[in-house]
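**Student:** With the input below, show me the fold.
(chains A and B)
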Amino acid sequence: MTTSLTSGAATQQGAVAEAISTDFTGAPPPTPAQRSSSSYRTRSRIGKVVLWIALIAFSCLFLYPLVWLAAASLKPRGEVFDNSLIPHTWVWENYAEVWNRLPLLSWGFNSISIALLAATFVAVSSSLVAFGFAHFRFPGRRILFGLVLATMMLPGAVTLVPQYLIWKNLGVLGTWVPLFGANLFGSAFYIFLQRQFFLGLPRELFEAARLDGASYFGLFRRIALPLSIPSFIIIFLFEFQASWTNLQAALIYLNAGGVEDFTVPLGISYAMTQFSPTNGGQGEYQYVMVASLLVTLPMLALFAFGQRYFIEGVATQGRKG
Amino acid sequence: MTATADRAPATVPLGSSGKPLKARKYNKREAVAGYLFISPWIVGFLVFTFGAMVYSLIISFSNYNLATNRATPAGTSNYELLFEDPKVATSLGNTLFFAVLAVPLEIVFALFLAGLLNRVGRGAGIFRTLYYLPKMTPSVATAAVFLLLLNGNTGAINEGLRIIGIQGPQWLVDPAWVKPSIVLMTLWGVSGTMVIFLAALKNVPRDLYEVASIDGAGPVRQFFSITLPMISGALFFNIIVLTIAALQVFDQAYLLFWRDQTNYSPESSLFYGVYLFQQAFRTFNFGFASAMAWLLFVIIGIITAIQVRFSSRFVYYEADN
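**Tutor:** Residues are numbered from 1 along each chain as shown, chains lettered A, B, ... in the order given. Just a heads-up that it's a prediction; the model follows:
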């Protein structure tokens, strides 16, 4: 993965590329002013042990709920609450039975489809817009880009109701469109991210292609887009995660439909209520646990595959501040 | 002859008089292409941001009838209702209280973790990965786990507290402990903030510390005189982003307390985002919900403005940025 990232455009000085190739684990911390007194050395060794103990302790703290979840998903109904990290009774059947209890397959299909559409659309549209801002000179460019950045600060709550009414008036309530439609028009942070990347590409590349008769769109498609794969992936992964985990939009737009039409988060939320004894359920939380683990695993896989992209994307958010 | 002589200077790009230069500042074809590239964003902005905001403002001064799809003018009655409905004040108070509790803790915890990671050389990557996993966990899975972890009688958290001799509270039932519960869940997912701090810490020049330690500055002094000023940009960004997020908190509060409409939940768990959602999409009071949204918008605007003003005195930006 490292080689593909550091090749080609990534070596350019765009903010994204710059930090993708930065290896966070690389540089060892300098021991301040190598004072070689033996007392200092023992002290620093003790410090190191304490540091590692703290790091491991926090690892346990962060991992505990996930391990707990995995364990609970393998327990019989009566033992879900027992907090044992190793089930007393292993009930692998939970993983077979959950498909009968909950329409997870439909939910999963809905969630994956929506996330793929949302991520693809926003990555393409944001790249197009970013290229417009990065490559061309036109009146009002600075003001418009300032506006792009300003929309990042807008609290989502303000546009919640009108966007619902817009989709209602377009007659697409009850479809997937409200869950990805706005992504066709780019998204501020992603536009910012891609523009930074495009600005790092050498201008001569484009000028040479122009002389060879490439159209403006050709510059984008043939040169800018292929070179910006790393930041394109960041956008895609970020949006995939955002869409996959999005509960509120599903609550607003899919809750009125049939249970089969839910996404996974909405479905689990529904199951939590349905299985609750106060609603006539039998407290079959083991299935909620299985479903919760199943909705989490794709995200962990995504992170395993694209960790650098996620870390880089988050770090870039901070750098723009 | 004279005609060609007259025309010649106009086609030369470098006009000696100001006027032709200004007219030629933008290449028309290039400008049109630029506008075309950014046109998706312009459309999206006009419809889903600016249009939606105007729409929202209009609705907030109307009573919206969902059945007829008509908005009838209602004057300022929705805004007056903001002061009359006690739940607005309650939910706003809850939300502000939560933000005041959560944001400083998140900042301190994230900075502390980033400091730890920054100190390890090799191996930091593994810990960063582990610490980041909660951030990848969908909120619905987090809620499903913490619902059981935070159970006052059987939950693992109180079980752990019992070992060290502390009788844990009824986290999700006792009104006083509702907000700390959500803070706890928020802190579990603090790694995004941590990554931003870590990236900032990596950028602090090492030699500053060396010079300071030669001058006899201890670690505490170094932290406040070097580290904090040098990462003030990231600190400022994190504070603003976390504040805005805290004021809009929805998922956890909804999933833990308001998902099940037949179940009673303490008023202290009614967050502004949840109440707004209920007003908009449970009872379809779009006018009132829009007025609520604008109140939140103004509050967030004021708080952000204060933070920006306050921080402009302290934030250090590198000259080249």
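**Student:** hey, let's count contacts and neighbours off CA atoms from now on
**Tutor:** Fine.
**Student:** does any part of whichever helix in chain B runs longest sit near chain A?
**Tutor:** Counting residues, the longest helix in chain B under DSSP state H turns out to be helix B:86-119. Yes: Helix B:86-119 reaches chain A (CA under 8 Å from any CA of the partner chain) through B:116-119.
**Student:** Top of the residues you listed by number of neighbours, please.
**Tutor:** Comparing the residues of helix B:86-119 next to chain A by number of neighbours (other CA atoms under 10 Å in any protein chain shown), B:Leu117 comes first, having 26 neighbours.
**Student:** For A:Leu170, grab the count of nearby residues.
**Tutor:** Counted by other CA under 10 Å, the residues lying close to A:Leu170 total 10.
**Student:** give me phi/psi at it?
**Tutor:** When read as degrees, to the nearest 10, the backbone of A:Leu170 gives phi -80, psi 0.
**Student:** can the residues of helix B:86-119 next to chain A go into CSV with extra columns for pLDDT and distance to B:Ser290?
**Tutor:** Below are the residues of helix B:86-119 next to chain A laid out as CSV (pLDDT from 0 to 100; distance: CA to CA, whole Å):
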residue, pLDDT, distance to B:Ser290
B:Leu116, 93, 44
B:Leu117, 93, 44
B:Asn118, 91, 45
B:Arg119, 88, 48
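**Student:** nearest to B:Tyr26, of the residues you listed?
**Tutor:** Closest approach to B:Tyr26 among these (CA to CA): B:Asn118, at 47.5 Å.
**Student:** Isn't that closest one up against B:Lys202?
**Tutor:** Yes: counting by CA atoms under 8 Å, B:Lys202 is a contact partner of B:Asn118 at 7.2 Å.
**Student:** For chain A, give me the ranges with low pLDDT.
**Tutor:** For chain A, applying pLDDT under 70 flags the ranges A:1-41, A:320-321.
**Student:** would you list the residues of helix B:86-119 next to chain A in JSON lines and tack on distance to A:Ser187?
**Tutor:** Shown next, in JSON lines, are those (distance: CA to CA, whole Å):
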{"residue": "B:Leu116", "distance to A:Ser187": "34"}
{"residue": "B:Leu117", "distance to A:Ser187": "32"}
{"residue": "B:Asn118", "distance to A:Ser187": "32"}
{"residue": "B:Arg119", "distance to A:Ser187": "36"}
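**Student:** Looking at those residues, spot the one nearest A:Phe206.
**Tutor:** Using CA to CA, the residues of helix B:86-119 next to chain A come closest to A:Phe206 at B:Asn118, 39.8 Å.
**Student:** Let me see the contact set for the closest one.
**Tutor:** Residues near B:Asn118 by CA atoms under 8 Å, 6 or more residues apart in numbering or on different chains: A:29, B:124, B:198, B:201-202.
**Student:** okay, B:Tyr35: pLDDT?
**Tutor:** At B:Tyr35, the model reports a pLDDT of 96.
**Student:** got it, and B:Val274?
**Tutor:** Note for B:Val274: predicted pLDDT of 95.
**Student:** where do the strands sit along the stretch 51-200 of chain B?
**Tutor:** Using DSSP state E, counting those that start in this stretch, the strands found in the stretch 51-200 of chain B span residues B:62-65, B:70-73.
**Student:** Any part of the last one near chain A?
**Tutor:** No: using CA under 8 Å from any CA as the criterion, no contacts between strand B:70-73 and chain A are found, and the smallest distance is 10.9 Å.
**Student:** again, but for the first one
**Tutor:** No: contact between strand B:62-65 and chain A, assessed by CA under 8 Å from any CA, is absent, since the two come no nearer than 10.4 Å.
**Student:** Counting by contacts, list what that strand packs against.
**Tutor:** Applying 3 or more CA pairs under 8 Å, 6 or more residues apart in numbering or on different chains; DSSP states H and E, one finds that strand B:62-65 contacts strand B:70-73, helix B:286-311.
**Student:** how about a cut-off of 10 Å?
**Tutor:** strand B:70-73, helix B:77-84, helix B:286-311 (3 or more CA pairs under 10 Å, 6 or more residues apart in numbering or on different chains; DSSP states H and E).
**Student:** Return the distance of the last one from the chain's centre.
**Tutor:** Put plainly, it is helix B:286-311. Mean-position distance between helix B:286-311 and its chain equals 12 Å (CA atoms, centre = their mean, to the nearest Å).
**Student:** Helix B:86-119 and that helix, what's the angle between them?
**Tutor:** Following axes from the mean of the first three to the mean of the last three CA atoms, to 10 degrees, one obtains 40 degrees for the angle between helix B:286-311 and helix B:86-119.
**Student:** So which bits of helix B:286-311 are buried?
**Tutor:** Judged by neighbour count using 16 or more other CA atoms under 10 Å in any protein chain shown, the buried positions of helix B:286-311 are B:286-297, B:300-301, B:304, B:307, B:311.
**Student:** out of the residues you listed, which touch chain A?
**Tutor:** B:286-287, B:289-297, B:300-301, B:304 (CA under 10 Å from any CA of the partner chain).
**Student:** Redo those as JSON lines? Include pLDDT.
**Tutor:** JSON lines is the format used below for those (pLDDT from 0 to 100):
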{"residue": "B:Phe286", "pLDDT": "94"}
{"residue": "B:Gly287", "pLDDT": "95"}
{"residue": "B:Ala289", "pLDDT": "96"}
{"residue": "B:Ser290", "pLDDT": "96"}
{"residue": "B:Ala291", "pLDDT": "96"}
{"residue": "B:Met292", "pLDDT": "97"}
{"residue": "B:Ala293", "pLDDT": "96"}
{"residue": "B:Trp294", "pLDDT": "96"}
{"residue": "B:Leu295", "pLDDT": "96"}
{"residue": "B:Leu296", "pLDDT": "96"}
{"residue": "B:Phe297", "pLDDT": "95"}
{"residue": "B:Ile300", "pLDDT": "94"}
{"residue": "B:Gly301", "pLDDT": "93"}
{"residue": "B:Thr304", "pLDDT": "91"}
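**Student:** so what's the nearest residue to A:Ser125 once chain neighbours are set aside up against?
**Tutor:** Nearest-residue entry for A:Ser125: A:Gly186, 4.8 Å, with adjacent residues in sequence omitted and distances by CA to CA, 6 or more residues apart in numbering or on different chains. Neighbour list for A:Gly186: A:121-130, A:148, B:38-45 [criterion: CA atoms under 10 Å, 6 or more residues apart in numbering or on different chains].
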